[in-house]
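J.: Let me see the structure of the following:
(2 chains)
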Amino acid sequence: MRAKKFLKVVYVCFFILCGGLYTYSNSGLHEVWAIKNCKIYTLNGAPIEKGTIVIRKGLIEAVGTDIKIPPDAEIIDASNLIAYPGLIDGLGKSFLKLPKKKIDMQRLASGEFTDEDRGITPGREAFELVEFSKATLDKFHRYGFTTVQIIPERGILTGQASIFNLIGNEKNKALLLKDTLLGIGFSPGMFGVYPSSLMGVVAFLRQTFSDVIYYNMHFNRWKKEMNGLIRPVYNLNFEILDDFITGKKPVVFFCRNQHDIKRALKLSKEFNLNYFICDLGSEAFRVIPELKKARARLFLTVEFKVPSTSIYARKGKSIKEKAEKEIYPKNPAKIAEAGIPFAFSSLGTNSPEKMIEGIRKAIENGLSKEDVLKALTIVPSSFMGLSKALGTIEPGKIANLILMEGEIFSKDAKVRYVFVDGKKFEIKKKEVKKGKEAKVNVTGKWGFEVQTEMGTMTFTVEFKQEESSLSGKLISQFGTFEFSDGTVSGNEISFDVTIFFGGQEMELAFSGVVEEDTMTGTVVQGSMGSAEFTAKRIPEGGER
Amino acid sequence: MRRKILLFFIFLISLNLTSLYAQDILLLKNGNIITISGENIMGGDILIKNGKIARIGKNLKAPSKAKVIDLKGKWVMPGIIDSHSHIAIEGGVNEMGDLIIAEVDVKDVINPEDINIWYALTGGVTTIHTMHGSGNPIGGRGIVLKLRWGKSAEEMIFKGAPRTIKWALGENPKQTNFSRQGKPRYPRTRMGVEASIRKIFEEAKDYMKKWEEYKKALKKRKKGPLPLPPRKDYRLEVIADILKGKYWVHCHGYQSEEMVSIMKLCHEYGVKLVSFEHGLEGYRITNELVKYGVAVSTFADSWAYKWEAYHTMPHSTALMVKRGVLVALNSDSAERMRRLYHEAAKTIRFGDLSEIEALKTITINPAKILGIDKWVGTIEVGKDADLAIFSKHPLDPYTICEMTIIDGQIYFDRAKYLEEMKKKEKEAKKKEEKGKKI
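T.: Take a look at the predicted model:
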């Protein structure tokens, strides 16, 4: 029994380490490839045990067993490798650089709120805001991702998504489809600005959808008749929203819990929307009959944190932890069992390694590998309207594929080659390097100052560091909140604290750098955006 | 000993099984029944069929499939109704972003998993009115819920209950009690609060007129382009419905002058103003309250927590009841909700109400205020079997709520709950010991 457990730990460590062992190199000009002797999961029929894939100028030219290798092809002997279609992150916000929310107190005092304050930014395009850094691309490749749909998710009418191939830093080259999806969130922008409550958001959405329909009806009639009809006042947001509210293009609702899902279904039905549900709270399993009835399509996230509204979060810590371990990770399996179409989203986990980690948790909790593979290939490509171009290994499709050592999602699986638009990225083994050791010890009391929208917030954090693991408590005027699972790596620290504030639960994610007795960094406040913090060590015996 | 425990568990399991098979018929025997509608019945029985009270009397015979509970002299009263609360609401109780926000609806944000629902059940509460806060002259719409713990939001909604809307007068809509980010919001006086209501009424009248004109034009048209419909305004639609008397108005107010003034305003516009919420100075204007038929939903002995709440006394409730005002006691708080029967008892201590008069303030009176007295609020044949069972008379300071029943279903059973807790404690201990051994 113990030996088994030990082995498991070794396997897990190995997997985690492997993630860090590979790097990629790209080989520029080559356009024709023949990958031979490899097992191929085409996802279009049964897997081919030993076959060949020919890639030409970014597309798959041929797949099968009796394929003649063209004379101009560079050959990769993949006899110990397995080919899969490139993985797709159905919905994420990696690579996105959102402008910082600037709070000008003078402006606010005058009562002039902007659309940004209210969270109404339907014109915000992911395409304009992405930056593909080599390091992040490398991370995605390492876990087999070749395509992502990126969406701004801050606010109420959050902005528009774009779909990219992970091919390099030129976004014009990387783009597949632009302005594909409009994000709709239920979190109000800020206190004192309409809408400032959840019920306000619902009412606001209803009125806005109705206004968009009315505005465009009115404008179209004016364009047609002109005579005897007064023209409407131009409204850019309504122009942008037209396609999304009339169903020409889909919207996606960011749902933090089962009730958000129900609200989204209700609004969608009321306005006949073409919609997706993004299940941020992993609570889709609690509303399966409603989802089935509505024929909803889902983006499932794999963070598996119990939403603060849930009864599992209200009956004490042990029940919450148990639910996070045993109940919520079953969400994907239950959705698959119910036959509800779903793709995976990196929202919540926000990194490819954590996303894959979450997916492995879903597999441990009953989701089949076939369903996982579909939810990362065929399903997202069909959600995106890209079924003809992505999702399977078939002639004519974009040459997005990965070659792996070992079956995908098995313990020792590693991605060796990634092809994106027919461009080869090799993921090489690196020297084994130990995880970074902690170079600082932060144990003790620290005085924190956070610059927020509402002004400067101060509180004390008492850290307890054991090697690289960090725990402690945050002491503030709202109460004391304990945390664990923090880390210290080199001189970088990170820790998450859940606080209760005004009857609501709020997650604060701190990350920063330690320089002697000073700490600086950022704190992400749930869906409220991020803020800068500085902290100073409080000398023992001395109070601030 | 072990055998005894085993037998006990078998007994428990068999209890569960019977409850599964005989859910439709329940007979409560040997209880002291406070019917509210008539005399108390000492040592009486209540027969419940399909969630409704079928018979009340002595020595009722149990039908063959009935589940029987012997109350052994415990006290039964109608399930307690709280006509003013803010529990089970997700994402904020006040929409502060604008002045009049009738378009927002608590119905959109019910959280049926709020643990406060369970706590309320432990105090014999079966129905609540959960509502928007008091930050706006005309606030959001409220909803009446039956506390069917474990069910979905839709299943908790009290079917047939009239839709309600929250109004507020005085300091809260003036926003004098807290500092606000940015520019101060109109209005800053009581005059302004009333004027803002009058103004939106006039806007809503114009809005209705526009639609009528549009419909007329549509009818009249024979040739040529269709007339352009007016823009749909969700806020004004609700205000228009208020003017048509479709919404029951629950108006937060403290001072007698503003209450009298708003009663006149509502009378002028034909608005259905059903109650003042809190209404601490209501005892000063009982004649007017009776004249306009407006109830008061108030606190028993909570006052002076802000300046507009200075001029009252714990006798206020009794004074109003004796002058013929319909009065309910509300919680306005998840904590007070669990002990509303204590609040009712205070009206006997302060003001000398009778026991029945006191209990009416947490049963049939709030039911009338919410327009649900047809179904709940008393123990009568044909009404919903919503009952609270107490160890002693519910006004006894040492009484404990033992069981809470809604639609004939047991939603809270203290004995069973404590048993479960004990069991869990034992299991946890066992686990701990096991862990130690390894």
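
J.: tell me the SS of the residue of the stretch 301-438 of chain B found nearest chain A?
T.: Proximity of the stretch 301-438 of chain B to chain A (CB to the nearest CB) peaks at B:A428, 8.7 Å away. Heads up, the C-betas are built off the backbone N, CA and C, glycines and all. The three-state assignment at B:A428 reads helix, by DSSP: H, G, I helix; E, B strand; the rest coil.

J.: How much space separates it from B:I115?
T.: Separation of B:A428 from B:I115 (CB to CB, to the nearest Å) stands at 20 Å.

J.: of the two, who's got more company?
T.: B:I115 (16 against 11; other CB atoms under 10 Å in any protein chain shown).

J.: What values do phi and psi take at the nearest residue to the more buried one once chain neighbours are set aside?
T.: Nearest residue to B:I115, sequence neighbours excluded (CB to CB, 6 or more residues apart in numbering or on different chains): A:R314, at 4.1 Å. The phi and psi values for A:R314, taken as degrees, to the nearest 10, are phi -110, psi 0.

J.: could you point out which element follows the helix or strand of chain B with the lowest mean pLDDT?
T.: Within chain B, no helix or strand scores below helix B:2-21, which has a mean of 50 by mean pLDDT, DSSP states H and E. Toward the C-terminus, helix B:2-21 is succeeded by strand B:25-33 as the next helix or strand (DSSP states H and E).

J.: what packs against that following strand?
T.: With contacts taken as 3 or more CB pairs under 8 Å, 6 or more residues apart in numbering or on different chains; DSSP states H and E, strand B:25-33 sits against strand B:41-49, strand B:67-70, strand B:75-78, strand B:387-390.

J.: chain center to it: distance?
T.: Distance of strand B:25-33 from the chain centroid (CA atoms, centre = their mean, to the nearest Å) equals 25 Å.

J.: again, but for stretch B:217-225
T.: So, by CA atoms, centre = their mean, the centroid of stretch B:217-225 is 49 Å from its chain's centroid.

J.: As a check, name the ranges of all strands in the stretch 251-400 of chain B.
T.: For the stretch 251-400 of chain B, the strands defined by DSSP state E, counting those that start in this stretch occupy B:273-278, B:295-298, B:327-329, B:387-390.

J.: For B:K306, find the nearest of those strands.
T.: Evaluated over the strands of the stretch 251-400 of chain B, closeness to B:K306 peaks at strand B:273-278, with 10.7 Å, by CB to CB.

J.: partners of that closest one in the sheet?
T.: Paired with strand B:273-278 in the same sheet, following DSSP bridges, are strand B:248-253 (parallel), strand B:295-298 (parallel).

J.: Which residues does it contact?
T.: Strand B:273-278 has contacts (CB atoms under 8 Å, 6 or more residues apart in numbering or on different chains) with B:83-84, B:134, B:164, B:166, B:248-254, B:259, B:262-263, B:266, B:282, B:289, B:292, B:294-299, B:309, B:326, B:328, B:330, B:332, B:369, B:371.

J.: Could you check how far that strand is from the centre of its chain?
T.: Centre-to-centre, strand B:273-278 and its host chain are 13 Å apart (CA atoms, centre = their mean).

J.: Okay, now the unreliable bits of chain B?
T.: B:1-23, B:177-182, B:438 (pLDDT under 70).

J.: Could I get the full set of helices for it?
T.: Along chain B, counting by DSSP state H, helices occupy B:2-21, B:115-121, B:153-156, B:171-174, B:190-220, B:234-243, B:256-269, B:286-292, B:316-322, B:340-349, B:355-360, B:364-370, B:414-437.

J.: closest one to A:K223 among the ones you listed?
T.: Of all these, helix B:190-220 comes closest under CB to CB, at 21.2 Å.

J.: tell me what that closest one is packed against?
T.: strand B:138-146, helix B:171-174, helix B:234-243, helix B:256-269.

J.: For the longest one, which outside residues touch it?
T.: So the one you mean is helix B:256-269. For helix B:256-269, the surrounding residues in contact (CB under 8 Å, 6+ apart) are B:167, B:169-170, B:190, B:193-194, B:197-198, B:201, B:243, B:249, B:251, B:253, B:271-273, B:276, B:279, B:281-282, B:284-285, B:288-289, B:292, B:294.

J.: Then the second one?
T.: Applying CB under 8 Å, 6+ apart, the contact partners of helix B:171-174 are B:99, B:133-137, B:177, B:187-190, B:192-193, B:252, B:254, B:306-308.

J.: and these, which are buried?
T.: Burial by neighbour count, judged by 16 or more other CB atoms under 10 Å in any protein chain shown, picks out B:99, B:133-137, B:187, B:190, B:192-193, B:252, B:254, B:308 from those.
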